[in-house]
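*Asks:* When you get a sec, could you give me coordinates for this:
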Amino acid sequence: MIPLEPYYELSDADLDSRIQLAKQALGSECVILGHHYQREEVYKFADLTGDSLKLSRLASQKADARYIVFCGVHFMAEVADILSAPHQTVILPDMAAGCSMADMADLPRVQAAWDALGAIMDVESLVTPITYVNSMADLKAFCGAHNGLVCTSSNATRILESAFAQREKVLFFPDQHLGRISAFTLGVPLEQMVVWDPTQKNGGVEPERLRAARVILWDGYCSVHQMFQPAHVELFRARHPGIRVIVHPECSFEVCRLADLRGSTELIQKSVRESPSGSVWAIGTELNLVNRLKHEMPDKEIHFLCPTICMCSTMFRIDAQHLCWTLENLVAGTAVNVIAVPPDVAALARIALDRMLAVV
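*Replies:* Purely as a prediction, here's the structure:
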């Protein structure tokens, strides 16, 4: 294996040149995926761009690609491995590229919550577990094993609607904000939602409240999207009368309710791109995406909906040095940082993913 350290001595120009040469040498055997939140010096080399699930599905259709290099975070690479063909190898350029939200819910704590709920109610017949795609593979497998589903930021409301058609309650993890706004959109009042704190007995909720609740929200959140505050929306509306505010549904309930629009990274981009020239926008999602839209559409006035810089620091760990190192190792015949979900976990996770795809 080629060591990583010397790559940090290369100039930006040298890195760009060597990445391009490695891409040419690998040809169609390698496909590079770039998430919308990825830094620009890496994103520009992506063969496919998009959100996490879209990228994984597109990569799985590239039958001639032996290697899928995912410039995102760990859970995204896991999904790519679950959906890819047996002959495909998924690689994460930096194994430290994780997700703080995904880390807020792990299998032991979710299993403990499920067991605790089972002592209070008939959990298997009453509760559908739903995990946001921003979670580890074993939590998707947990949902697969308990007649649950996976959801994304674009389909969470439809997935909840489908779940309620089967059972009366939902355990939603790890992002409480996406679960809350999606359930509220379906008409579930806030009074019928509770937040489960995994550090407390029974999640810190009285048993009678758990029995009455329709939605049990895990106490998790995105470290980036929690930075956007209602005051920021009010500030931009005061400064720019007529401004359109669009936010990701991982933002707080209050921010989502104040915004003109909310939706996935794909919807955010589509909405801004299709708006007329001269439109003024404030966007509440990760900084790299907002800056990319600013550069792409100079005819529109685009603002980042936060007075301070906030970006996905874990995805930011994947830099040009790691990408170059990954590709040149592949050229030399070595696959580094391979993501391989255990077959039994992958099979159950695939069930939960397929249930989602059947709904949407």
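
*Asks:* Tell me if I'm right that C256 and V247 touch.
*Replies:* Yes. C256 is within contact range of V247, at 6.1 Å (criterion: C-beta atoms under 8 Å). To be clear about C-beta, it is placed using only N, CA and C from the backbone, and glycine gets the same treatment.

*Asks:* list residues touching both of those two?
*Replies:* Shared contacts of C256 and V247 (C-beta atoms under 8 Å, 6 or more residues apart in numbering): R262.

*Asks:* Roughly how far does L26 sit from S279?
*Replies:* From L26 across to S279, the span is 40 Å (C-beta to C-beta, to the nearest Å).

*Asks:* Actually, D260.
*Replies:* Separation of D260 from S279 (C-beta to C-beta): 11 Å.

*Asks:* worst-scoring helix or strand of the chain, pLDDT-wise?
*Replies:* Evaluated with mean pLDDT, DSSP states H and E, the helix-and-strand set of the chain has its lowest mean pLDDT in helix 52-60, which scores a mean of 87.

*Asks:* what's that one packed up against?
*Replies:* strand 30-35, strand 48-50, strand 67-71, helix 74-83 (3 or more C-beta pairs under 8 Å, 6 or more residues apart in numbering; DSSP states H and E).

*Asks:* helix/strand/coil for the residue nearest to A332 when sequence neighbours are not counted?
*Replies:* The spatially closest residue to A332, leaving aside those adjacent along the chain, is I2, at 6.2 Å (C-beta to C-beta, 6 or more residues apart in numbering). Classification of I2 using DSSP: H, G, I helix; E, B strand; the rest coil returns coil.

*Asks:* Highest mean neighbour count out of the helices and strands packed on helix 52-60?
*Replies:* strand 67-71 (a mean of 28; mean count of other C-beta atoms under 10 Å).

*Asks:* Can you check what angle separates that strand from helix 52-60?
*Replies:* Counting by axes from the mean of the first three to the mean of the last three C-alpha atoms, to 10 degrees, strand 67-71 lies at 160 degrees to helix 52-60.

*Asks:* orientation of strand 67-71 relative to helix 74-83 in degrees?
*Replies:* 160 degrees.

*Asks:* Common neighbours of D260 and S279, please.
*Replies:* Each of R244 lies in contact with both D260 and S279 under the rule C-beta under 8 Å, 6+ apart.

*Asks:* Just put the helices and strands packed on helix 52-60 in CSV and tack on distance to I283 and mean pLDDT.
*Replies:* Conversion of those to CSV gives the following (distance: least, C-beta to C-beta, whole Å; pLDDT from 0 to 100):
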stretch, distance to I283, mean pLDDT
strand 30-35, 16, 96
strand 48-50, 17, 93
strand 67-71, 21, 97
helix 74-83, 21, 96
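
*Asks:* What ranges does the stretch 201-350 of the chain have for its strands?
*Replies:* Assignment of strands within the stretch 201-350 of the chain using DSSP state E, counting those that start in this stretch yields the ranges 215-218, 244-247, 261-262, 280-284, 301-304, 338-339.

*Asks:* Neighbour count for D260 and S279, which is higher?
*Replies:* Summary of the neighbour comparison: D260 and S279, criterion other C-beta atoms under 10 Å, with S279 having more neighbours (17 against 14).

*Asks:* Might you report the residue contacts of the residue nearest to F70 when sequence neighbours are not counted?
*Replies:* Nearest-residue entry for F70: A77, 4.3 Å, with adjacent residues in sequence omitted and distances by C-beta to C-beta, 6+ apart. By C-beta under 8 Å, 6+ apart, the residues touching A77 are F70, V90, I91, L92, I339.

*Asks:* For the fourth one, which residues are in contact?
*Replies:* Right, L92. Residues near L92 by C-beta under 8 Å, 6+ apart: F70, G72, V73, H74, A77, I318, N337, I339.

*Asks:* now the helices: where do they sit in the stretch 101-250 of the chain?
*Replies:* Taking DSSP state H, counting those that start in this stretch as the criterion, the stretch 101-250 of the chain contains helices spanning 107-118, 123-126, 137-145, 156-166, 176-185, 207-212, 230-239.

*Asks:* Make CSV from those and add distance to L289 to it.
*Replies:* Below are the helices of the stretch 101-250 of the chain laid out as CSV (distance: least, C-beta to C-beta, whole Å):
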stretch, distance to L289
helix 107-118, 30
helix 123-126, 38
helix 137-145, 25
helix 156-166, 19
helix 176-185, 17
helix 207-212, 37
helix 230-239, 17
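
*Asks:* Let me see the contact set for the closest residue to Q88 other than its chain neighbours.
*Replies:* Sequence neighbours aside, I68 is the residue nearest to Q88 in space, at 5.7 Å (criterion: C-beta to C-beta, 6+ apart). Shown in contact with I68 (C-beta under 8 Å, 6+ apart): C30, V31, L33, A59, K62, A80, S84, Q88, T89, V90, I91.

*Asks:* in stretch 292-308, what's buried?
*Replies:* Taking 16 or more other C-beta atoms under 10 Å as the neighbour-count basis, stretch 292-308 is seen to contain the buried residues R292, L293, K294, M297, K300, I302, H303, F304, L305, C306.

*Asks:* Widest-spaced pair of the contacts of I68?
*Replies:* Comparing all pairs in the contacts of I68 by C-beta to C-beta, the longest separation belongs to K62 and I91, at 14.1 Å.
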